[in-house]
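1. Structure for the following, please:
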Amino acid sequence: MTDLSKVTSTCYCGAVHLQYSVEGDNLITSFICHCTDDRKITSAMFATNFAIKDTTLQHIRGGSNLTKYERKEGIATGDQMDSHFCKTCGSLMYRISSGFPGVAIMRLGQVDDFSLAEGALKPRLEQFVKDKVAWAIPVEGVRQENGNIVKPAGK
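-> Numbers count the residues shown, from 1 in each chain. Model prediction:
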(Lines give C-alpha, C1' and ligand atoms only; values in the text may rest on other atoms or scores of the structure.)
Protein backbone atom coordinates (compact mmCIF):
# COMPACT_ATOMS: atom_id res chain seq x y z
CA MET A 1 0.00 0.00 0.00
CA THR A 2 1.31 3.43 -0.95
CA ASP A 3 2.21 5.87 1.81
CA LEU A 4 -0.02 8.86 0.97
CA SER A 5 2.63 11.23 2.34
CA LYS A 6 5.11 9.94 -0.28
CA VAL A 7 3.24 9.47 -3.57
CA THR A 8 5.40 9.49 -6.69
CA SER A 9 5.01 10.39 -10.34
CA THR A 10 7.44 9.76 -13.18
CA CYS A 11 7.42 10.85 -16.79
CA TYR A 12 7.17 8.41 -19.69
CA CYS A 13 10.96 8.03 -20.09
CA GLY A 14 11.71 8.04 -16.34
CA ALA A 15 14.01 11.10 -16.41
CA VAL A 16 11.70 13.13 -14.12
CA HIS A 17 10.67 11.71 -10.74
CA LEU A 18 8.42 13.69 -8.37
CA GLN A 19 7.28 12.99 -4.82
CA TYR A 20 4.48 14.72 -2.90
CA SER A 21 1.86 14.22 -0.23
CA VAL A 22 -1.85 13.63 -0.80
CA GLU A 23 -2.39 12.88 2.86
CA GLY A 24 -5.06 14.88 4.71
CA ASP A 25 -5.46 18.47 3.58
CA ASN A 26 -2.41 18.26 1.29
CA LEU A 27 -4.82 16.88 -1.32
CA ILE A 28 -7.08 19.76 -2.28
CA THR A 29 -9.24 17.79 -4.72
CA SER A 30 -9.20 15.36 -7.64
CA PHE A 31 -11.13 16.11 -10.78
CA ILE A 32 -11.88 15.59 -14.44
CA CYS A 33 -11.48 18.74 -16.51
CA HIS A 34 -13.28 19.39 -19.80
CA CYS A 35 -11.84 22.88 -20.44
CA THR A 36 -10.59 23.57 -23.95
CA ASP A 37 -7.09 24.31 -22.64
CA ASP A 38 -6.78 20.81 -21.13
CA ARG A 39 -8.10 19.33 -24.38
CA LYS A 40 -5.27 20.95 -26.33
CA ILE A 41 -2.47 20.25 -23.87
CA THR A 42 -3.41 16.56 -23.38
CA SER A 43 -4.52 15.82 -26.98
CA ALA A 44 -7.64 14.28 -25.41
CA MET A 45 -11.22 15.37 -24.85
CA PHE A 46 -10.68 15.74 -21.07
CA ALA A 47 -7.96 15.48 -18.44
CA THR A 48 -7.80 13.70 -15.09
CA ASN A 49 -6.08 15.87 -12.52
CA PHE A 50 -5.63 16.42 -8.83
CA ALA A 51 -4.58 19.50 -6.91
CA ILE A 52 -2.09 19.46 -4.05
CA LYS A 53 -0.39 22.01 -1.83
CA ASP A 54 2.72 22.90 -3.79
CA THR A 55 4.82 22.93 -0.61
CA THR A 56 4.74 19.11 -0.64
CA LEU A 57 6.04 18.80 -4.23
CA GLN A 58 9.65 17.56 -4.40
CA HIS A 59 11.79 16.98 -7.46
CA ILE A 60 13.53 13.68 -6.61
CA ARG A 61 15.21 13.36 -10.00
CA GLY A 62 15.26 15.35 -13.21
CA GLY A 63 14.22 18.79 -11.99
CA SER A 64 16.70 20.28 -14.47
CA ASN A 65 15.10 18.11 -17.17
CA LEU A 66 11.80 20.00 -16.87
CA THR A 67 10.93 22.80 -19.23
CA LYS A 68 8.19 25.35 -18.58
CA TYR A 69 5.65 26.64 -21.08
CA GLU A 70 3.78 29.78 -19.97
CA ARG A 71 0.39 30.67 -21.39
CA LYS A 72 -2.38 33.11 -20.53
CA GLU A 73 -4.25 33.37 -23.84
CA GLY A 74 -6.92 30.69 -24.14
CA ILE A 75 -6.93 29.79 -20.43
CA ALA A 76 -10.57 29.64 -19.27
CA THR A 77 -9.85 31.46 -15.99
CA GLY A 78 -7.81 34.22 -17.66
CA ASP A 79 -4.89 33.42 -15.34
CA GLN A 80 -1.38 32.51 -16.50
CA MET A 81 -0.81 28.75 -16.55
CA ASP A 82 2.74 27.39 -16.34
CA SER A 83 3.00 23.84 -17.68
CA HIS A 84 6.04 21.77 -16.68
CA PHE A 85 7.12 19.11 -19.21
CA CYS A 86 9.94 16.57 -19.40
CA LYS A 87 12.44 17.85 -22.00
CA THR A 88 13.22 14.31 -23.14
CA CYS A 89 9.83 12.63 -23.64
CA GLY A 90 7.43 15.60 -23.49
CA SER A 91 5.30 14.27 -20.62
CA LEU A 92 3.27 16.97 -18.88
CA MET A 93 4.10 16.55 -15.19
CA TYR A 94 2.22 19.39 -13.51
CA ARG A 95 0.82 22.88 -13.93
CA ILE A 96 0.89 26.01 -11.80
CA SER A 97 -1.78 28.72 -12.20
CA SER A 98 -1.24 32.34 -11.17
CA GLY A 99 -4.87 32.29 -10.04
CA PHE A 100 -4.31 29.51 -7.51
CA PRO A 101 -1.26 30.40 -5.42
CA GLY A 102 0.17 27.54 -3.40
CA VAL A 103 -1.42 24.84 -5.61
CA ALA A 104 0.19 22.36 -8.01
CA ILE A 105 -2.13 20.71 -10.52
CA MET A 106 -0.88 17.17 -11.03
CA ARG A 107 -1.76 14.63 -13.75
CA LEU A 108 -3.40 11.42 -12.58
CA GLY A 109 -1.90 9.41 -15.45
CA GLN A 110 1.65 10.17 -14.24
CA VAL A 111 1.11 8.67 -10.77
CA ASP A 112 3.24 5.53 -10.35
CA ASP A 113 0.74 3.61 -8.20
CA PHE A 114 -2.19 3.18 -10.60
CA SER A 115 -4.40 1.86 -7.78
CA LEU A 116 -4.62 5.40 -6.35
CA ALA A 117 -6.86 6.33 -9.31
CA GLU A 118 -9.45 3.97 -7.81
CA GLY A 119 -8.85 5.13 -4.25
CA ALA A 120 -7.40 8.31 -2.76
CA LEU A 121 -7.12 10.10 -6.12
CA LYS A 122 -10.38 8.95 -7.71
CA PRO A 123 -12.00 12.04 -9.26
CA ARG A 124 -14.46 13.74 -6.94
CA LEU A 125 -15.93 16.09 -9.53
CA GLU A 126 -15.95 17.20 -13.13
CA GLN A 127 -15.30 20.82 -14.08
CA PHE A 128 -16.10 22.85 -17.19
CA VAL A 129 -18.87 20.36 -18.01
CA LYS A 130 -20.41 23.09 -20.20
CA ASP A 131 -17.54 22.34 -22.62
CA LYS A 132 -17.87 18.55 -22.41
CA VAL A 133 -18.50 16.61 -25.62
CA ALA A 134 -21.98 15.10 -25.81
CA TRP A 135 -20.75 11.48 -25.79
CA ALA A 136 -18.86 11.93 -22.49
CA ILE A 137 -21.49 10.96 -19.95
CA PRO A 138 -21.23 12.21 -16.36
CA VAL A 139 -19.26 9.97 -14.03
CA GLU A 140 -21.64 8.39 -11.53
CA GLY A 141 -21.44 9.97 -8.08
CA VAL A 142 -19.16 12.79 -9.21
CA ARG A 143 -20.23 16.42 -8.72
CA GLN A 144 -20.69 18.39 -11.96
CA GLU A 145 -19.51 22.02 -12.21
CA ASN A 146 -19.70 24.42 -15.18
CA GLY A 147 -16.51 26.29 -14.21
CA ASN A 148 -13.52 25.95 -11.93
CA ILE A 149 -13.86 23.82 -8.84
CA VAL A 150 -10.90 25.08 -6.83
CA LYS A 151 -11.84 28.52 -5.54
CA PRO A 152 -8.81 30.34 -4.10
CA ALA A 153 -9.31 32.72 -1.20
CA GLY A 154 -10.33 36.21 -2.27
CA LYS A 155 -11.72 35.23 -5.68
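
2. The closest residue to Thr42 other than its chain neighbours: what's it in contact with?
-> What sits nearest to Thr42 in space, not counting adjacent residues and going by CB to CB, 6 or more residues apart in numbering, is Leu92, at 7.1 Å. The C-beta positions use only the backbone N, C-alpha and C, and glycine is treated the same way. Listed by CB atoms under 8 Å, 6 or more residues apart in numbering, the contact set of Leu92 reads 41-42, 83-85, 107, 110.

3. can you put those in TSV and add secondary structure, neighbour count and distance to Gly99?
-> Listed next are these as TSV, based on DSSP: H, G, I helix; E, B strand; the rest coil; neighbours: other CB atoms under 10 Å; distance: CB to CB, whole Å:
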residue	secondary structure	neighbour count	distance to Gly99
Ile41	helix	18	16
Thr42	helix	16	20
Ser83	strand	18	14
His84	strand	20	17
Phe85	strand	20	20
Arg107	strand	20	19
Gln110	helix	18	22
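
4. And the pLDDT for the residue nearest to Thr42?
-> Each residue has a pLDDT score; the one for Leu92 is 96.

5. How are the helices of this structure distributed by residue range?
-> With DSSP state H as the definition, the chain shows helices at residue ranges 36-42.

6. Please pull out the lowest mean pLDDT helix or strand from it.
-> Least confident helix or strand, the chain: helix 36-42 with a mean of 88, by mean pLDDT, DSSP states H and E.

7. Would you confirm that Arg124 contacts Ser30?
-> Yes - counting by CB atoms under 8 Å, Arg124 does reach Ser30; the two are 5.3 Å apart.

8. and the two? which has more neighbours close in?
-> In this comparison of Arg124 against Ser30, neighbours counted by other CB atoms under 10 Å, the higher total goes to Ser30 at 23 against 16.

9. burial measure for Val22, as a count.
-> Close neighbours of Val22, defined as other CB under 10 Å, add up to 23.

10. repeat for Ala47
-> If you count neighbours by other CB under 10 Å, Ala47 ends up with 22.
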